[in-house]
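Q: I'd like to go over a predicted model; first the sequence, then the structure.
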Amino acid sequence: MLGLWRRWEPIEMWIWRVRPVQAGSILQFGVSPYRGPSTVLADGTVVPRGARILHLHLDNQRVADLSRSANGDVWALAPRVNSDLDAIGERVASGALGGVAAIRGITVLARMARRFGFEVRPLPHNLRWSLVHNLGGLVLASYQPRDGGELERGLPWPGEVWMSARALQARIAGRQKQIT
């Protein structure tokens, strides 16, 4: 089953038109109309049904490889995630991706996303999200070392992560101030 997932995942990313944020990135994205109900983000940004959003994905193989090289310390990947978010923010700010309202992702790693400036929303415990939860387990199992790891501690319920284009640009401005 795990081998099947590894073969299917690149096809799925191709179908969804997902591409790396930048060369060597951990984050990947696709551009799509938002298909959910209209929502208001924490900063007041309204994301109506049909708004142009970026849907985020992790390059699971790259994350696994980099995590192994950091002896399993996933926080060692934080500088790369920050760099990827800065790169995507610059593309959004320049208009290169069109008028993007927000970026969104669904992940079992939602709690970690807060540290990068994402708004995290819980998802209901129903059949749809149970399937996503199980898929998250399959993804983690297919890339983690054979000795267990995250799955032995239990798999978190998936969450929805959001960041408005305005918050993304503010994040970049704040990081640039830290550098100077």
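A: The structure has been received and is ready for your questions. Residues are numbered from 1 along each chain as shown.
Q: need the strands for this protein, in chain order.
A: Per DSSP state E, the chain carries strands over the ranges 19-20, 27-33, 39-40, 46-47, 52-58, 102-107, 119-122, 159-164.
Q: where in the protein is pLDDT low?
A: For the chain, residues meeting the criterion pLDDT under 70 lie at 1-11, 13-14, 16, 128-130, 132-154, 175-180.
Q: could you pull out the helices for this protein?
A: All helices of the chain, identified by DSSP state H, fall at 2-15, 60-69, 78-94, 110-113, 127-143, 150-153, 165-179.
Q: thinking again about what came up before, go through the strands of the chain and name the closest to residue 80.
A: strand 27-33 (8.4 Å; C-beta to C-beta). Every residue, glycine included, has its C-beta placed from N, CA and C.
Q: could you export that closest one as PDB, CA atoms only?
A: Presented in PDB, the C-alpha positions along strand 27-33 are these (Å, rounded to 0.1, in the frame of the first residue of the first chain):
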ATOM      1  CA  LEU A  27       6.400  23.800   0.200                       C
ATOM      2  CA  GLN A  28       4.500  23.300  -3.100                       C
ATOM      3  CA  PHE A  29       1.400  25.100  -4.200                       C
ATOM      4  CA  GLY A  30      -1.400  25.100  -6.800                       C
ATOM      5  CA  VAL A  31      -3.700  27.900  -7.800                       C
ATOM      6  CA  SER A  32      -7.400  27.300  -7.600                       C
ATOM      7  CA  PRO A  33     -10.800  28.900  -6.900                       C
END
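Q: tell me what that strand is packed against?
A: Packing partners of strand 27-33 (3 or more C-beta pairs under 8 Å, 6 or more residues apart in numbering; DSSP states H and E): strand 19-20, strand 52-58, helix 78-94.
Q: mind listing the strands that strand pairs with, and their directions?
A: Strand 27-33 has the following strand partners under DSSP bridges: strand 19-20 (antiparallel), strand 52-58 (antiparallel).
Q: and residue 174, how many neighbours?
A: Number of residues near residue 174 (other C-beta atoms under 10 Å) recorded here: 10.
Q: again, but for residue 166
A: Neighbour number of residue 166 under other C-beta under 10 Å is 15.
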